[in-house]
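>>> Everything below, folded, please.
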Amino acid sequence: MFAALALLVAWSAAAGAVAPGDGLLGRLAPAPWLDTPDTSQQYFPIFIGASPRELVLGRPPARRPRLQAALRPLGQTQAPRILQTLGAPSAELEAWPSEDWNGQPNWVYARWRESPGRPWRWLSASANWRAEWTQRRGEKPLLPEERDPGSPADKLELFGDFLDYSQVNQMPLFGNCVYTERAGGAVALAWPHPREKDARAAELSKPGRYAAHCLNPPARFNAEPVAFALRVGPGGVEWPAEIEWLPAPAPRPAPVDVPLRVRAWPKEHARRFEEDLRVVDGEEFAIYPLSARRARFLRKGSFQRDNDLEKLADYLEERYRVLGIGTRRQRFDWRGIPQSNLIAVIPGREEGPPVILADHIDAACAHDVFERTRERVTVAGADDNATATATLLRAAAVLKGLRLRRPVWLVHLTGEEMPSDGIGAWRLINEELAGGRDVRAVVIADFIGWHRPGKRAFQVSPTAAPGSERMAALALDAARKLAPGLTALYAPRDKERNAVFNTDLQEFEYVGIPGVLFNEDMDYSEPGNRSPHNHRSSDVAANADIPFAADVARVAIETAARIADDPDVGERRTSY
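Next comes the predicted model:
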């Protein structure tokens, strides 16, 4: 069966893997990590061989595809049920691994055929998964959702703008679809870049001409797009023998006992943390320390043409200059609106890839206001994510005198929230990888100012990239020593409470950079088990536990310092 995998990687008509003129996988961009749109307008492919980071740095490609072990029992359940809907005793399913909206592994099932050499036919979510079967995220397969570009409603879903939609986080489907001709089924366009949307809309929406099959893009085996031809029959699923099934993450990383790197904290740490939070969330005026300007940061959406994000970046830049810390801006436009990431550089004793400690400076749309008025206004963002911006400012004051082994970058990312959805993180990643430069590791704090009543707990969530569990172990040890009054909960990457998928850290995970997230104690699999103020107009300082957040900040800062001195994290070469 592995031969079928190889043919599907090449995806050539001559190999007999697909019908002539199909050309599905061969249409995909060769290096998606160099020109990536925001995450929701086109999902990033899952890499099941070498990661983009490893490929860019010239590390050897993988010899075998590596899939998470959880995918095997999932496929053993899903694929036979899909077969039941086809009316055939056996079939081949064209499938590839992806992630669902909770960031958990799942299978995309795109098409089917009776046997090798026969034409592929599209599957669909409406026809090939029955209502009586599980609808739970993580268990329900990812099947194509068909849209008719010629109908007004579907045309809007495919080619509209987020400002046109009645749901606050809805985004156009255009870049996550394959477009086929209704006469003959030939592929006209497969997962086009979202920038092509307006230019393609008129042709693709001609009545009766095309069908759109919306589904996550194929995985990549090393740099090549890949799909598996899974034979399903009475005996179940026949898996390619060459797949290496990765073990599930440990429920807790091996404990460590590392001396504290930050031995003295300013007495005014918590007070300064609160002052910074109230300025960044716009509740108090900012006084620029060098220019003496005054400003309040009230409009913090990347989509707002009159937003205050560039003013906020100017303010942060002056704060770092006062401390003698150099900065640089990554400037770019999105939707014709100026955007920028701000990077403050704390040099290390040695040259080398940096450890990044990051926040995001934009704020979410207030869902409660949108529900009432259909207006998109941004929240103050005291918890999400002024708590993290205050963390970085406190880190600057503490880390600049430590002479850490490796450089630390304090990175204020723009555009994390919908609808921008990771544009700042992708800009940073694209530029670093395009220049052949590595990032050693990433520590991100996001919504660290809320906890459930009576439970002063926060989460430590690693990514799936090698080295991340070591980072989490360093964080848990730091929490035990620095914040004994708090409970640090470990959230393995294969659990739904792991919130990496809901932050900028996911973009770094996609390309294989180790990372760890500090966030509130939450679980998306349990309704109501998260902050009631998140993405709502009530996300103000009065609804945050600021001393609690200041303590979590200390743990995050100490963790970044430890990683910068650690001889292992981010430097091990992967062996296949």
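
>>> What count of nearby residues applies to the closest residue to Arg195 other than its chain neighbours?
Ranked by CB to CB, 6 or more residues apart in numbering and with sequence neighbours excluded, the top spatial neighbour of Arg195 is Pro37, at 7.2 Å. All C-beta atoms are positioned from the backbone trio N, CA, C, and that covers glycine. Residue neighbour count, defined by other CB atoms under 10 Å, stands at 18 for Pro37.

>>> What's the per-residue pLDDT of Pro37 here?
At Pro37, the pLDDT value in this model is 91.

>>> do the one 10 residues further on as well
The score at Phe47 is 97. That number is its pLDDT.

>>> And for Ser420?
96.

>>> Which residue, neighbours along the chain excluded, lies closest to it?
Distances taken as CB to CB, 6+ apart place Ser302 nearest to Ser420, at 4.0 Å, with adjacent residues excluded.

>>> per-domain residue ranges of the chain.
The chain resolves into domains spanning 2-144+215-246, 269-565 when parsed by automatic domain parsing.

>>> For these, please prepare TSV with the additional fields distance to Phe162.
Converted to TSV, these look like this (distance: least, CB to CB, whole Å):
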stretch	distance to Phe162
domain 2-144+215-246	9
domain 269-565	4
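
>>> So the residue nearest to Ser420 sits against Ile423, correct?
Yes: in terms of CB atoms under 8 Å, Ser302 counts as a neighbour of Ile423; the distance is 6.7 Å.

>>> quick one: least confident helix or strand in the chain?
Here the helix or strand of the chain ranked lowest by mean pLDDT, DSSP states H and E is helix 2-10, holding a mean of 38.

>>> quick one: the strands in the stretch 301-450 of the chain?
With strands called from DSSP state E, counting those that start in this stretch, the stretch 301-450 of the chain shows them at 326-334, 337-346, 355-360, 408-413, 441-445.

>>> Can you give the contact residues for the longest one?
Read it as strand 337-346. Identification of contacts with strand 337-346 by CB atoms under 8 Å, 6 or more residues apart in numbering yields 302-305, 307, 309-310, 313, 316-317, 320, 325-333, 354, 361, 392, 396, 399-400, 404, 407-415, 423-424, 427-428.

>>> Only the buried subset of the residues you listed, as a ChimeraX command please.
Of the contacts of strand 337-346, the buried ones go into a single ChimeraX selection, burial set by 16 or more other CB atoms under 10 Å:
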select :302,303,304,307,309,310,313,316,317,320,325,327,330,332,354,361,392,396,399,400,404,407,408,409,410,411,412,413,414,415,423,424,427,428
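
>>> if you skip the residues just before and after it, what's nearest to the residue nearest the centre of the chain?
With distances taken as CA atoms, centre = their mean, the residue of the chain nearest its centroid is Gln506 (2.7 Å). Leaving aside its chain neighbours, Gln506 sits nearest to Val500 (5.5 Å; criterion: CB to CB, 6+ apart).

>>> cool, and Trp191?
In space, and not counting its chain neighbours, Trp191 is closest to Pro217: 4.8 Å by CB to CB, 6+ apart.
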